[in-house]
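**Q** this is a predicted model, with the sequence first.
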Amino acid sequence: MWKKILGLGASKEEKDLVALYDRVPKDRRPRHVAIIMDGNGRWAEGQGLLRTAGHAQGVKTLERIMETCVDLGIEVLTVYAFSTENWKRPRPEVDFLMNLFSEYLDKKIEKMDANHVRLRFLGREDGMSDMLVQKMHAAVDRLAKNDGMIFNIAANYGGQDEILRAVQTLAARAAKGEIAPEDIDEKVFEAALDTADDPPVDLVIRTSGDLRLSNFLLWQAAYAEFWFTKTNWPDFTPEEFVDALVDFAHRKRRFGGLDPSGK
């Protein structure tokens, strides 16, 4: 997108995007943004539609926000697509979400590749169909050599479950003598998480008004900044996303210490 804008003949829409992005200081942009995409069902009910229509509309929003992150140079985008608790939802809705997930990979893989995006899935594979799991692996393999933004999709994911799986992995290694218990520090533990090698989460965004983390990236978001909006996910725009980044840019992040002014 930037090549078109910087060249001749940029459209008004493209110039407006430059003005929008310029609102975010380049030296204060988060490296890792995580989003709880909440409110699809509420949006649909407000429109007099089935909840599944909200999920379909939410996919369109995700595409716009992902492209915005690519344009802004965000290193990692992690989205909460399906939690370990979401299996409790009505079976028709769960089946629709799984099919929507599969269609998303079919339809968006080309665009992700064109944007040099690397793809990764966080969470468990059990419970998903063999066909969907194979499609997930194929998508990851296809984009593995790209050098752009890392796009993490948390599907069948729970933060507590992730931590327990990491503990089990390290305990098994210790039992085999591959590692001593006293060697397990933060770096070793983080390497056992689904987000291994990613920078910590800088900013968590949650849409639709709820003010909780909902078992999302519990370890990774230890010192993240939070930004909440009452906007339902299908109505969330790049403009509001930029509002969140601008707000983040003006936060003072102390990480338990003091800022240079001593406050």
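**A** Structure received. This one's a predicted model, so the numbers in the text were calculated from it and none came from an experiment.
**Q** do a quick rundown of the strands in the stretch 151-263 of the chain.
**A** 203-206, 225-228 (DSSP state E, counting those that start in this stretch).
**Q** strand partners (parallel or antiparallel) of the first one?
**A** The partner list of strand 203-206 in its sheet, established with DSSP bridges, is strand 32-36 (parallel), strand 225-228 (parallel).
**Q** need the ones you listed in TSV with distance to residue 75 and mean pLDDT, can you?
**A** To be clear about C-beta, it is placed using only N, CA and C from the backbone, and glycine gets the same treatment. Listed next are the strands paired with strand 203-206 as TSV, based on distance: least, CB to CB, whole Å; pLDDT from 0 to 100:
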stretch	distance to residue 75	mean pLDDT
strand 32-36	6	98
strand 225-228	16	98
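**Q** out of those, flag the one nearest residue 177.
**A** Taking CB to CB, strand 32-36 is the member of those nearest to residue 177, at 34.3 Å.
**Q** just how off-centre is the closest one within its chain?
**A** 5 Å (CA atoms, centre = their mean, to the nearest Å).
**Q** got the contact list for that strand?
**A** Contacts of strand 32-36 with the rest of the structure, by CB atoms under 8 Å, 6 or more residues apart in numbering, involve 65, 69, 74-80, 198-207, 213-214, 216-217, 220-221, 224, 245.
**Q** among those, which are in helices?
**A** 65, 69, 245 (DSSP state H).
**Q** and residue 163, what is it in contact with?
**A** 193, 218-219.
**Q** which of those residues lies closest to residue 143?
**A** Closest to residue 143, out of all of the contacts of residue 163 and judged by CB to CB, is residue 193, at 20.5 Å.
**Q** please determine how far the closest one is located from residue 201.
**A** 12 Å (CB to CB, to the nearest Å).
**Q** what of residue 15?
**A** According to CB to CB, residue 15 stands 32 Å off from residue 201.
**Q** who's more crowded, these two?
**A** Neighbour count, other CB atoms under 10 Å: between residue 15 and residue 201, residue 201 has more, with 23 against 11.
**Q** so can I have TSV of the strands paired with strand 203-206 showing distance to residue 133 and mean neighbour count?
**A** Listed next are the strands paired with strand 203-206 as TSV, based on distance: least, CB to CB, whole Å; neighbours: other CB atoms under 10 Å:
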stretch	distance to residue 133	mean neighbour count
strand 32-36	23	25
strand 225-228	32	18
